[in-house]
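1. got a sequence here, can you build the structure:
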Amino acid sequence: MSPSPRTHTLSDFDFELPELLIAQHPAPERSGSRLLDGRALPPTDRIFRELPQQLAPGDLLVFNDTRVVKARVFGEKASGGKLELLIERVLTGNEVVAHMKVSKKPLPGATVHMAGGKAAGGFDATLLARWPDADGPLFRFALHGPAGETPWELMERHGHLPLPPYIERQQNADHDPHESEDSERYQTVFARTPGAVAAPTAALHFDDAVLAALAARGVERASVTLHVGAGTFQPVKTESLAEHRMHSEWYEVPLATLAALERCRARGGRVVAVGTTTVRTLESWARSGQTTGETDIFITPGFAFQVVDLLVTNFHLPKSTLMMLVSAFAGYEHVMQLYRHAIAQRYRFFSYGDSMLLERTR
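-> Numbering: from 1, shown residues only. As a prediction, the model looks like this:
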């Protein structure tokens with residue numbers, strides 16, 4: 001009689017990470033970052049530009065083509081109290097949904113003044129309600145800027161790139177010396193569809209030389225879109241994983257990508273997902289049959305993968321849903337051994353950090 005599968009709890013995904021391993025800046029060159037080849041144990045230490053040689057002709061690499069928007073905007077309440085909005089998504093018309101950081105939250109109906117307010121060349125925002133419901137964690141606002149300016153244009157003109165909370169340098173940034181570096185490097189070279197508040201960070205390592213080497217090797221490319229939300233940085237807080245309420249994100253799988261997946265399967269190639277957001281998109285489509293919509297898929301050990309064979313991913317936060325996803329994909333004990341190796345070898349962690357290559361456990 002085979003043993004019943006282990007039930008994992010939150011504590012299983014905790015680990016000690018020396019603070020100095022949290023990357024505060026990108027590597028000097030995108031593809032010069034390190035790549036931990038974790039398909040087998042012991043793992044192999046590589047440089048990212050070696051990735052094409054690890055793949056086979058006929059494999060299909062799938063990217064998330066989302067584009068990070070300047071979603072962090074600073075302002076103040078009518079009383080003068082400071083306020084920060086992180087605009088998570090644009091709804092219809094002039095309405096948006098945002099996280100709000102403020103000492104005392106204004107009431108629905110209140111108007112706050114962003115980037116100096118409309119009178120001073122910025123814009124105003126009227127709080128309508130919580131979102132998605134009366135107890136929701138986010139807030140729905142109507143934005144009022146110059147006539148005809150869309151929320152996208154207001155963010156582009158007045159907003160700042162929303163770097164992750166663990167990048168501790170000055171971020172509110174009218175005088176941030178790193179803002180031009182971040183605006184280039186916290187964006188993939190193929191970012192196309194605006195809407196994310198966080199980058200699909202595994203794809204930050206790809207540059208034109210690596211893409212050319214992949215094409216020369218006969219590796220096909222396709223893309224999906226998932227607009228990464230700020231919830232990606234939220235640690236799970238319930239010891240029982242079943243009690244965690246997963247955040248929802250919008251995704252799309254284009255028809256051209258469905259055709260590429262079909263061709264890949266027909267020729268016996270492997271589907272290589274670049275990043276956990278690509279995994280969540282492809283596996284959401286496989287489960288629901290929906291090529292576009294909302295997903296709150298929560299992938300934990302025991303999950304039955306249907307699409308992805310290999311995964312390129314960065315190193316993730318302790319107790320995060322992403323740690324749970326990679327453990328589901330490559331095996332819990334296997335992933336924890338890789339993390340111990342990465343810490344011992346001083347790999348760089350999180351968004352601007354190094355990456356690893358994983359194979360789905362059978």
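2. okay, now the unreliable bits of this protein?
-> Scanning the chain for pLDDT under 70 picks out the ranges 1-5, 169-177.
3. can you give me the helices for it?
-> Per DSSP state H, the chain has helices spanning 51-54, 151-158, 179-185, 208-217, 255-266, 276-288, 321-330, 332-344. These are given in chain order.
4. looking at those, which is closest to residue 113?
-> helix 151-158 (11.3 Å; CB to CB). Using the backbone N, CA and C atoms, a C-beta is placed for each residue, glycine as well.
5. contacts for that closest one, please.
-> With CB atoms under 8 Å, 6 or more residues apart in numbering as the test, helix 151-158 has contacts from 69-71, 73, 87, 90, 94-96, 114-115, 122-123, 143, 145, 149, 194.
6. would you mind putting the helices of the chain into CSV with mean neighbour count and distance to residue 238 alongside?
-> Shown next, in CSV, are those (neighbours: other CB atoms under 10 Å; distance: least, CB to CB, whole Å):
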stretch, mean neighbour count, distance to residue 238
helix 51-54, 18, 36
helix 151-158, 18, 33
helix 179-185, 14, 33
helix 208-217, 14, 39
helix 255-266, 14, 34
helix 276-288, 24, 20
helix 321-330, 24, 12
helix 332-344, 17, 18
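7. grab the nearest non-local neighbour of residue 136.
-> For residue 136, ignoring the flanking residues on the chain, the nearest one in space by CB to CB, 6 or more residues apart in numbering is residue 130 at 4.5 Å.
8. so what's that neighbour up against?
-> 136, 137, 138, 139, 140.
9. also residue 199?
-> Residues near residue 199 by CB under 8 Å, 6+ apart: 68, 186, 187, 188, 228, 351.
10. look up how far residue 83 lies from it.
-> 25 Å (CB to CB, to the nearest Å).
11. and the residue nearest to residue 61 when sequence neighbours are not counted, how many neighbours?
-> Nearest residue to residue 61, sequence neighbours excluded (CB to CB, 6+ apart): residue 272, at 4.8 Å. Residue 272 sits with 27 neighbouring residues when counted by other CB atoms under 10 Å.
12. can you check residue 244 too?
-> The local packing count at residue 244 equals 17, with neighbours defined by other CB under 10 Å.
13. equivalent analysis for the one 3 residues further on, please.
-> Burial measure for residue 247: 16 neighbouring residues, criterion other CB under 10 Å.
14. give the contact list for the nearest residue to it once chain neighbours are set aside.
-> Distances taken as CB to CB, 6+ apart put residue 231 closest to residue 247, at 2.9 Å, once the chain neighbours are dropped. With contact taken as CB under 8 Å, 6+ apart, residue 231 is in contact with 246, 247, 249.
15. state the distance from the last one to residue 297.
-> Spelled out, it's residue 249. Counting by CB to CB, the separation of residue 249 from residue 297 is 9 Å.
16. ok, those two, which is more surrounded?
-> Taking neighbours as other CB under 10 Å, residue 249 and residue 297 compare with residue 249 leading, 24 against 18.
17. in this structure the more buried one contacts residue 298, no?
-> No: because the distance of 11.8 Å does not satisfy CB atoms under 8 Å, residue 249 is recorded as not touching residue 298.
18. gap between residue 17 and residue 300?
-> The value you get for residue 17 to residue 300, if CB to CB is used, is 21 Å.
19. more neighbours: the two, which one.
-> For residue 17 versus residue 300, the count of surrounding residues by other CB under 10 Å is larger for residue 300: 19 against 16.
20. which ones are touching the nearest residue to that one once chain neighbours are set aside?
-> If the residues on either side of it in the chain are set aside, residue 300 comes closest to residue 324, at 4.7 Å by CB to CB, 6+ apart. The contact partners of residue 324, taken as CB under 8 Å, 6+ apart, are 8, 13, 236, 241, 298, 299, 300, 301.
21. check contacts around the fifth one.
-> When contacts are counted by CB under 8 Å, 6+ apart, residue 298 is found next to 241, 244, 246, 321, 324.
22. gap between the second one and residue 255?
-> In this structure, residue 244 lies at 33 Å from residue 255, with CB to CB as the measure.
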